[in-house]
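1. got a predicted model here, sequence first, then my questions.
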Amino acid sequence: NSETYDRLVTTINQFPDLDKMLNGLTYRPKSLTINTARVGIDTLLYIKKTIQLCEEMACNIVGQTSGSDGMLLVGVSLDSLPLLLPQAIDAFRQPALTSIHKLICELLVDDASFSKSNQEMRFQECFSVSPGVDGFLDAARKFYLQSVEDIYAAAEEIEKAVGFSIKVAYSSTRGYYLSVPIEVAPLPNIFIQPVQARRSILCSTLAISSLSDRALEAMDQCILLTNQLIQAHLTKIQEDIDALFRLTDCVALLDMILSFTDMVALSSLPFTRPDIATGGSIVFKGARHPVIEALSMHSRWSAAERHFVPNDVWVDDIERMSIVTGPNGAGKTIYIKQIALITIMAQMGCFVPCKEARINIRRALLSRLGTNDDMENNMSTFATEMNDAAYILDHADADSLVLIDELGRGTCIVDGISLAFAIAEKLLTLQPFVLFVTHFPQLTELANMYPFVRNVHMKTSLVLIPDGATSTSDDTSTIRTTSTSEGRNAAMPPTRSSGRASIEFLHEAASGCSDMNSNYGILMSEICQFPPSVVQDAREFRQRLGDLYPIRFD
């Protein structure tokens, strides 16, 4: 329920950096410095704070508060909880954690704890060990406190002398310094090292600077002595480091689940619990891209721009390969990426952005996306593409999901078509689920050659706008031609004499192949405001190339 969720989120936000805690526990510095000494002290404070939150987390899971003895209240039935939660409670209540907490409390004061404030952490590092444990440490602390008192006393005397307000401030880089109002200008000669901030002037004096050096030196001495005292305890805690690893894994898992809950709860669109199976098909009804949807929720896009067109997806053992075609910008890559992301989310245990979803568990997701080269290994775009394709062919099997986006575009068209065709046929023999995006019309013939292949295209509208009209005009002479499921348009592509063209991307996936005769590439250049003469020349060259090197486009 919402109350349990709120309590868990509040508690889990109080945990320190658990990765840093584990790293500090296993860290072995080559030499002792102030920074390495601080790592050891901070690690002990992290461990104490983490264990203190364990019982609160366990109680929050069952929707109760902890008793005075730190134990769960009577009457809690763990059998009614989902499978993961009793295991989480068990991880939070390991006996080894109680022993570690008792060991730490023997050395540290009761109020020693982790803090996100840098200044507070410096104070904790100096005063976390109980007084009376080490005489040298007590003396160093006394000297430090006396130096700080002298800084504040000196600041008061300066304030009386100059007649305006002065505050003492501290930073890890500058130490102790003074802050005066920005209205004070110019500063008296007594002030040195002035730095103007937004609302104040940061400065110091010779006396304050000397006292700050003394205080920082005493602070460093406190940290070094404290580090010596805690080393034996850190060594003892390392014997039970497996309990801390298990605890860290549990907190990370709950953090992930709470993140899932937050994402689903904040979405105004439907999320559904997927049906997970070890066989059968992948079926998504009304699937959406989770990342684009999340970005649109927190952007300044208009309501129309935020609308994501959902699509239905069907991949099964009968039609294992889908050849996806369509012009650039139609949404082919987004279509296959959202399938991959939804599959991963489902297998992570998250609700998915669909109306309905059924997942056939995939043991590998193999993809060839993008057009990046590899300069470090002296590999061109095409070489990188072929290297990725070779890896896919070596590792794909019947339990894999393979995504390929425009394979073969890095070489000549004949070689590209040949390689793409051969790779597609090889993947058919390996029997993974495949989504193959291409601009090569020849690959759509695979659906006529093999019963396991289907063609999918992204629908677009080709709008013919007469000369003198605007794309937003209501002129009835504007002609709109929408691609059908067979991928054909009712009208021929426009020419400069008949008017100009505009492409409307519908982002809807439909059966059949896209219309390869629509000159979408040339139309896109026209939309991008290429010079009309260049666009016209491109159309003429395309016609000549089609006459010289006939390529079947239908």
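-> Yep, it's here.
2. point out where the protein drops to low pLDDT.
-> Along the chain, segments meeting pLDDT under 70 span 64-80, 298-306, 462-502, 516-518, 547-554.
3. need the longest helix for it.
-> helix 206-238 (DSSP state H).
4. strands of the stretch 201-350 of the chain, start to end?
-> 275-277, 282-287, 311-315, 321-325 (DSSP state E, counting those that start in this stretch).
5. quick one: closest of those to Leu427.
-> Among those, the nearest to Leu427 by Cβ to Cβ is strand 321-325 (6.8 Å). In short, each C-beta sits where N, CA and C put it, glycine included.
6. elements contacting the closest one?
-> helix 332-348, helix 413-430, strand 433-437, helix 446-449, strand 453-465 (3 or more Cβ pairs under 8 Å, 6 or more residues apart in numbering; DSSP states H and E).
7. run through who's touching it.
-> 315, 332, 335-336, 424, 427-428, 433-439, 441, 443-444, 446-447, 450, 452-458, 487, 509, 513-514, 516 (Cβ atoms under 8 Å, 6 or more residues apart in numbering).
8. tell me which strands that strand pairs with, and in which orientation.
-> Here strand 321-325 has these sheet partners by DSSP bridges: strand 433-437 (parallel), strand 453-465 (parallel).
9. dump the residue contacts of the residue nearest to Ala252 when sequence neighbours are not counted.
-> Leaving out its chain neighbours, the residue that sits closest to Ala252 by Cβ to Cβ, 6 or more residues apart in numbering is Leu18, at 7.4 Å. Contacts for Leu18 (Cβ under 8 Å, 6+ apart) come out as Tyr46, Thr50, Leu247, Thr248, Val251, Ala252.
10. of those, closest to Glu504?
-> Ala252 (45.2 Å).
11. so how far is Leu97 from the closest one?
-> Distance of Ala252 to Leu97, computed by Cβ to Cβ, to the nearest Å: 16 Å.
12. which one of those two has more residues nearby?
-> Leu97 (21 against 14; other Cβ atoms under 10 Å).
13. the more buried one touches Glu55, doesn't it?
-> No. Proximity of Leu97 to Glu55 does not meet the contact threshold set by Cβ atoms under 8 Å, at 9.5 Å.
14. got the contact list for stretch 288-300?
-> Here stretch 288-300 has contacts from 263, 266-267, 269, 305-306, 308, 310, 334, 337-338, 341-342, 345, 352-354, using Cβ under 8 Å, 6+ apart.
15. mind checking which of these are buried?
-> 263, 267, 308, 310, 334, 337-338, 341-342, 345, 352-354 (16 or more other Cβ atoms under 10 Å).
16. excluding its backbone neighbours, what's nearest the residue located most distally from the centre of the chain?
-> Computed with Cα atoms, centre = their mean, the residue of the chain farthest from its C-alpha average is Ala161, at 54.8 Å. Leaving aside its sequence neighbours, Ala161 sits nearest to Ile190 (Cβ to Cβ, 6+ apart; 7.9 Å).
17. OK, contacts around that neighbour?
-> Applying Cβ under 8 Å, 6+ apart, the residues near Ile190 are Ile158, Ala161, Val162, Thr205.
18. check whether the last one really touches Leu178, as I assumed.
-> Yes. Between Thr205 and Leu178 a contact is recorded at 7.1 Å, counting by Cβ under 8 Å.
19. what touches both of these two?
-> Ile158, Phe191.
20. neighbour count for those two, which is higher?
-> Leu178 (25 against 19).
21. how far off centre is whichever strand or helix holds the more buried one?
-> Counting by DSSP states H and E, the element that carries Leu178 is strand 175-181. Centroid separation for strand 175-181 versus its chain: 39 Å, with Cα atoms, centre = their mean, to the nearest Å.
22. tell me the angle of that strand relative to helix 206-238?
-> 130 degrees (axes from the mean of the first three to the mean of the last three Cα atoms, to 10 degrees).
23. name the helices or strands packed onto strand 175-181?
-> For strand 175-181, the packing partners by 3+ Cβ pairs under 8 Å, 6+ apart are helix 135-162, strand 167-171, strand 200-204, helix 206-238.
24. what residues sit buried inside that strand?
-> Gly175, Tyr176, Tyr177, Leu178, Ser179, Val180.
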